[in-house]
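*Asks:* Okay, sequence plus prediction incoming.
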Amino acid sequence: MQENENISHEHDDDEQHEHAHDDNDTPQHTHEHDDDGQHEHEHHHEESFIRKYIFSLDHKMIGKQFLIYGLIMLFVGGGLALLFRWQLAYPGEPLPIIGASEQYIEDGEVVTKNDERWEKIFESEKEELMETHFPNGVIEDKTYNMLFTMHATIMVFFVVVPILVGAFGNFLIPLMIGTRDMAFPILNMLSFWLAVLAAIVMAAGFFVPGGHAGAGWTGYAPLSVDPQWTDVGWGQNLWAISLLIQGFSSLVGSINYITTVINMRAPGMTFFRLPLVIWSLFIVAILLLLAFPVLSSALALLIFDRLAGTTFFTTTTEGGGDPLLWQHLFWFFGHPEVYILILPGMGIASELIAVNSRKPIFGYRSMVYAMIAIAFLGWIVWGHHMFQSGMRPGMGSFFMTTTMLIAVPSAIKTFNWLGTMFRGSIRFTTPMLHGIAFVSMFVIGGLSGIYMANTPVDIYIHDTYYIVAHIHYVVFGGSLFAMFGGIVFWYPKMYGRYMNDTLSKIHFWITFIAFNCTFFPMHILGVGGHMRRIANPQFYDFLQGFEGMNIFITMSAFTLGFAQLILVFNFFWSMKLGKVAEKNPWNVTTLEWEAPTPVPHGNFAQIPTVYRGPYEYSVPGEESDWIPQAQPEHAPASAGD
Amino acid sequence: MLGWLPENISEYAQGVDSLFALIYWITVVVFVLVMGTLIAFLIMYRHREGHRAEYIEGSTKLEIIWTTATTVIVFGLAMLSFPQWNNLKSAPDNPDYVVQVRGEQFNWYMIYPGPDNEIGTEDDLELENELHVPENKLIQIILTSKDVIHSFFIPNLRLKQDALPNRFLDNIKFQATKPGTYEIPCAELCGFGHTTMVGFLHVHTQEEYDAWVKEQWSE
């Protein structure tokens, strides 16, 4: 995949740099093109393989790095989820494939090959990971805590943010605002490599004695503070240290995004000519910049509490700190974080829907204001995570009001997406299917949020599967569908080829159906009072009726998980074997499609000038149904490139 | 959906179920309208040869309508909820019985004040995971924790409150209307034994309860 791209890149690379004046320096080039693309750089004393693919300064390469990083982590996070889904459907039963037989567990009689392996593991002197976490292939309650803690931590901090913000932000911002790269390419590279370091530290936590963090992704103190409560030692420390590093990565990235959007827009690209996805990423960068330091401070205090004997988050009769302080700090970060996860999804969905409806965004400005309103409200709603925490009930009323208010900009956005489709000419491309799925799932996730915003109802459904359903409808149904749609949509610009459409459609439909089968029943579990974070619902009398539903959810979750293999196969297969894409395959107006495919270093041969807004589709009196942002007034349309 | 709610035996929290039902019907109607519109649009405005999309940039009037409508609905809901919330989360004035509940990995300890009606004296009775109350009496719970945060959850009473170490929350109250045994799970992750942390609420008739009291403090 790389060579191919390399070759076509190279020519343009040179144009942008030292050879801008003699880009017809053909003899040398032709020769090189026959060569292995990787050696090519060395001739020019320019980009070595390492410079180009590993420590790259090019925003597009960094974006792709973030994308692949996020996809790898998606499988780690998803795999963890499947493990604990197994436990919820079949509590206490050994896992398939690695589990020991019933006879062996009951009376130590070796029957199967697996039993032999377990026998060996138990007999060995060494304390093995498998022995402590999954004896006989059965998930221990403590291991269960670790699994869901790490599932959420990885999905939030290592999948959704790196892909939506890291990958799409990096790839799209310079291209869509019409500039050659990010404002600070070295910081950009630092941002990626800090994220890699954070992932390595996080991964290391699985292999330390005591296992990985098990206090939930929210890490509530005092549970997360003292190893005696969880039996987790360095796992929790590494969890905190890793997130601290990830915080720096996000910080560096966000400074870069903000500076780039403010200072480097192409001539004519006013703020209100920015595509909505850029608006969303810009707003998210501001949220990240302001929110992450709060988490970082809380994590630093947590590390002091754990390692230096301070008591910021613990309390004794003699005094000390307060466990609720952790919750306030965590959610003061955490709620903006939730919007960091969903806003880029909203931006991407807006692009997909406008392009495929061949219509301008309905109420472009109110879409922007709605996003700003959501981002602002995100700072004054954190207490809704703490209605039952012992916070003064009067505060509950305040936070209920602010939380309910979020319904207003969310409704504006939903109705405007519908308005965008109204009297459109809707093309059901795969990206559009994902866009439609995003809107529908966001509607469900938004509506289920009203139940929890309502303080009296929240008393009952707080910490039940209702919230699990809600968060997954927003973050999987919302953010991940937007992400899938975005990948299929921008893939031709990223890799110069289409993803295989049949596979993409199969992936979409299985994901869409399995997603709903997995997460919709969780609303019902929640209404039944099914607590989250319990390893064995069968332990409770009042949850006996939910065994079948839990098995159904687990089956659906496995289907959902395996469907993602289709995406990944398609992703890598298409890099080499996908149909070659033209410059602007979807007939889109925005600037990224003005750049040649695949996009060379420096992006544009000449920086484009912007003459109009981003959604000039089906303009009356025009022959073509789209007018590119960079097309001068009264010039003949250049559609159908 | 509403049918999945466990039986409600709380005098106080009947309103929770009504609010739940109200929100349920509002959201169902909104969902059906939005999805219906979406599906209708997808069918009506699908791409057809020779058909062109209409250039519509927005409509201030429509946007004002749906912004106002949403605002009215959510504020209406908030208004309905304030009094309920204040009622549910306030300390009772004259409770008939007071019990202190302490969460401690991984049990609920119930401390009865005994005949002198004072907690912290010699005649206190501490029970593990057993909460005995008479029906139709106002019970106040003083909730605390020994170690980490737990959450005192009685699904049938629609009652939930986190227990915090070194704090004694007094704003938990209920009045159970039906004798029987009900589970008290811990709803906040509290460590490796979280799953098995469960207590039982025994709601007795007054006579049964009096007999139980006699038995406990007979010596």
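*Replies:* Alright, I've got the coordinates.
*Asks:* going forward, measure contacts and count neighbours with C-alpha atoms only.
*Replies:* Noted.
*Asks:* Remind me what the lengthiest helix in chain B packs against, helices and strands.
*Replies:* In chain B, taking DSSP state H as the definition, the longest helix is helix B:14-44. Packed against helix B:14-44, as judged by 3 or more Cα pairs under 8 Å, 6 or more residues apart in numbering or on different chains; DSSP states H and E, are the following elements: helix A:393-421, helix A:430-453, helix A:455-461, helix B:60-88.
*Asks:* For the third one, which outside residues touch it?
*Replies:* Taking Cα atoms under 8 Å, 6 or more residues apart in numbering or on different chains as the criterion, the residues outside helix A:455-461 that touch it are A:387-388, A:396-397, A:400, A:451-452, A:467, A:526-527, A:529, B:16-17, B:19-20, B:81, B:84-85, B:88, B:155, B:158-161.
*Asks:* ok, then the element right after it?
*Replies:* Where DSSP states H and E defines the elements, the next helix or strand beyond helix A:455-461 is helix A:465-474.
*Asks:* helices or strands up against that next one?
*Replies:* Looks like helix A:465-474 contacts helix A:430-453, helix A:501-527 (3+ Cα pairs under 8 Å, 6+ apart).
*Asks:* can I see the domain layout of chain B?
*Replies:* With domains defined by automatic domain parsing, chain B comprises B:2-88, B:97-216.
*Asks:* quick one on the thing from earlier: what residues of the longest helix of chain B count as buried?
*Replies:* Neighbour-count burial for helix B:14-44, counted by 16 or more other Cα atoms under 10 Å in any protein chain shown, picks out B:15-17, B:19-20, B:23-24, B:27, B:31, B:34-35, B:38, B:41-42, B:44.
*Asks:* Give the buried residues for stretch A:307-314.
*Replies:* A:Thr311, A:Phe312, A:Phe313, A:Thr314.
*Asks:* Spatially, what comes nearest to A:Asp115 if we skip its sequence neighbours?
*Replies:* Distances taken as Cα to Cα, 6 or more residues apart in numbering or on different chains place A:Ala100 nearest to A:Asp115, at 5.0 Å, with adjacent residues excluded.
*Asks:* Before we go further, the one you found is sitting in a helix, right?
*Replies:* No: assigned with DSSP: H, G, I helix; E, B strand; the rest coil, A:Ala100 falls outside any helix and is coil.
*Asks:* Report pLDDT for whichever residue of the stretch 151-300 of chain A sits closest to chain B.
*Replies:* Proximity of the stretch 151-300 of chain A to chain B (Cα to the nearest Cα) peaks at A:Thr230, 5.0 Å away. pLDDT recorded at A:Thr230 is 89.
*Asks:* Contact partners for it?
*Replies:* Residues near A:Thr230 by Cα under 8 Å, 6+ apart: A:Lys142, A:Gly214, A:Ala215, A:Leu223, A:Ser224, B:Gly191, B:Phe192.
*Asks:* Do I have it right that the second one meets A:His151?
*Replies:* No: here A:Gly214 lies out of contact with A:His151, judged by Cα atoms under 8 Å, at a distance of 10.7 Å.
*Asks:* who has more neighbours, the two?
*Replies:* A count of neighbours by other Cα atoms under 10 Å in any protein chain shown puts A:Gly214 above the other of A:Gly214 and A:His151, at 29 against 23.
*Asks:* Would you mind measuring from that one to B:Thr196?
*Replies:* From A:Gly214 over to B:Thr196 the distance is 16 Å, taken as Cα to Cα, to the nearest Å.
*Asks:* could you give the mean pLDDT of stretch A:338-354?
*Replies:* Per-region confidence: stretch A:338-354 scores 96 on mean pLDDT.
*Asks:* tell me how far it is from the chain's mean position?
*Replies:* 11 Å (Cα atoms, centre = their mean, to the nearest Å).
*Asks:* is it up against chain B anywhere?
*Replies:* No: against chain B, stretch A:338-354 shows no contacts by Cα under 8 Å from any Cα of the partner chain, the least distance being 11.0 Å.
*Asks:* any idea which of the domains of chain B is most buried?
*Replies:* Per residue and on average, the most neighbours among these fall to domain B:97-216, with a mean of 20 (mean count of other Cα atoms under 10 Å in any protein chain shown).
*Asks:* For chain A, tell me whether it is touching it.
*Replies:* Yes: Domain B:97-216 lies within reach of chain A by Cα under 8 Å from any Cα, at B:147-149, B:155, B:158-166, B:169, B:183, B:187-196.
*Asks:* wait, what's in contact with A:Ser280?
*Replies:* A:Leu343, A:Pro344, A:Met346, A:Gly347, A:Met371.
*Asks:* now B:Ile172
*Replies:* When contacts are counted by Cα under 8 Å, 6+ apart, B:Ile172 is found next to B:Leu88, B:Lys89, B:Ser90, B:Ala91, B:Pro92, B:Gln140, B:Ile141, B:Ile142, B:Leu143, B:Gln161.
*Asks:* That one belongs to a helix, doesn't it?
*Replies:* No: using three-state DSSP, the secondary structure at B:Ile172 is strand, not a helix.
*Asks:* Please determine how far it is located from B:Ile139.
*Replies:* 8 Å.
*Asks:* Equivalent analysis for A:Phe484, please.
*Replies:* Distance of A:Phe484 to B:Ile139, given as Cα to Cα: 53 Å.
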